[in-house]
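1. Sharing a model prediction with you, sequence too.
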Amino acid sequence: MFALVVLLVLSCLSQEVWSCSCSGPRHPQSVYCDSAIVIRTKFVGQKVSEKNRTRMQYQIKTTKVFKAPEGFEDVQYLYTATAESLCGYQHTSTNKSEEFVLAGHIIDGEVFINTCSYIAPWASLTYCQKRGFMQMYAKNCECTIKQCTSVPCEIDDDRQCLWTDHLSRQKSLYSGHQAANWACVSDSNGLCIWDSLKSRLYSPQSKV
């Protein structure tokens, strides 16, 4: 009887430990700066990994690398847990020509994604968000973005920008004004401030 009780307790603890939860949306600039790899890619195939049956392997075709360590310039495979309870990402689009911007992390030389990862159709991004991923976010990773979910709230130091889109009750935080149009950039005084990406010069060599 005692062994049965212990087994039930361990089972409950296991479910608690492995349950999937996300911390919530992040500003696209935070996504870029905090991720090990950020790419634009197409999902062209999927299967259960032969090396580890608890993982799903997605075959991708990388069309643009925004950020990646050396040796990851041509990523061909992504990995995720097969179980949704373990935050396994389920790709539902059947359009193999559709491009996605994707941010992942690297474990033992392989790129992993999960249901909390930033994965969005490239076509759904605003013009400013595309400019951010292609140019501006990388130049301003010394600035950090602090979420404001309720008032009052304030920054902790001069290298932060306060993200208040949470207060506007948008259907999607990524469509909020700051997320859709602005980046947190360093000014001439070394302070971090919000600046519209619409007002910044755009290199003609980089096409969206």
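-> Yep, it's here.
2. mind giving me the domain split of the chain?
-> 35-122, 125-199 (automatic domain parsing).
3. In a markdown table, list these along with distance to Ser23.
-> Where C-beta positions appear, they are placed from N, C-alpha and C, glycine not excepted. Below are the domains of the chain laid out as a markdown table (distance: least, CB to CB, whole Å):
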| stretch | distance to Ser23 |
| --- | --- |
| domain 35-122 | 7 |
| domain 125-199 | 10 |
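4. Flag whichever of these has the least confidence on average.
-> Per-stretch mean pLDDT for the domains of the chain is lowest at domain 125-199 (a mean of 90).
5. The residue nearest the centre of the chain: what's it in contact with?
-> Nearest residue to the geometric centre of the chain (CA atoms, centre = their mean): Tyr118, 2.8 Å. Residues counted as contacts of Tyr118 (CB atoms under 8 Å, 6 or more residues apart in numbering) are Arg26, Pro28, Val31, Ser35, Val101, Leu102, Ala103.
6. Could you do Val38 as well?
-> Going by CB under 8 Å, 6+ apart, the list of residues near Val38 reads Val31, Tyr32, Val65, Phe66, Lys67, Ala68, Val101, Leu102, Ala103, Gly104, Phe133.
7. Strands - which of those land there?
-> Among the contacts of Val38, DSSP state E puts Val65, Phe66, Lys67, Val101, Leu102, Ala103, Gly104 in strands.
8. where's the fourth one relative to Cys141, distance?
-> Which is Val101. In this view, Val101 and Cys141 are 17 Å apart by CB to CB, to the nearest Å.
9. So between these two, which is more surrounded?
-> A direct count of neighbours by other CB atoms under 10 Å for Val101 and Cys141 places Val101 higher, at 24 against 14.
10. which element is the closest residue in space to Cys153 that isn't next to it in sequence on?
-> Excluding its sequence neighbours, the residue lying closest to Cys153 (CB to CB, 6 or more residues apart in numbering) is Leu162, at 6.5 Å. Taking DSSP states H and E as the criterion, Leu162 maps to strand 160-163.
11. Name the residues that touch whichever helix or strand comes after that strand?
-> Next helix or strand after strand 160-163 toward the C-terminus (DSSP H and E): helix 177-181. Applying CB under 8 Å, 6+ apart, the external contacts of helix 177-181 come out as 27-28, 126, 128-129, 163-165, 168, 173-174, 194, 196-198.
12. buried sites along helix 177-181?
-> Neighbour counts over helix 177-181 (16 or more other CB atoms under 10 Å) mark Gln178, Ala179, Ala180, Asn181 as buried.
13. Go through those and name the one nearest Met56.
-> Ala179 (28.9 Å; CB to CB).
14. and which of the contacts of Val38 is nearest to Glu154?
-> Distances from Glu154 to the contacts of Val38, taken as CB to CB, are shortest for Val31 (23.2 Å).
15. Not counting its neighbours along the chain, what's nearest the closest one?
-> Tyr118 is the one closest to Val31 (CB to CB, 6+ apart), at 4.3 Å.
16. what's the spacing between the one you found and Gln46?
-> Applying CB to CB, the value for Tyr118 to Gln46 is 19 Å.
17. What residues are bridge-paired with the spatially closest residue to Cys184 that is not a sequence neighbour?
-> What sits nearest to Cys184 in space, not counting adjacent residues and going by CB to CB, 6+ apart, is Cys161, at 3.6 Å. Counting by DSSP bridges, Cys161 is bridged to Ile145.
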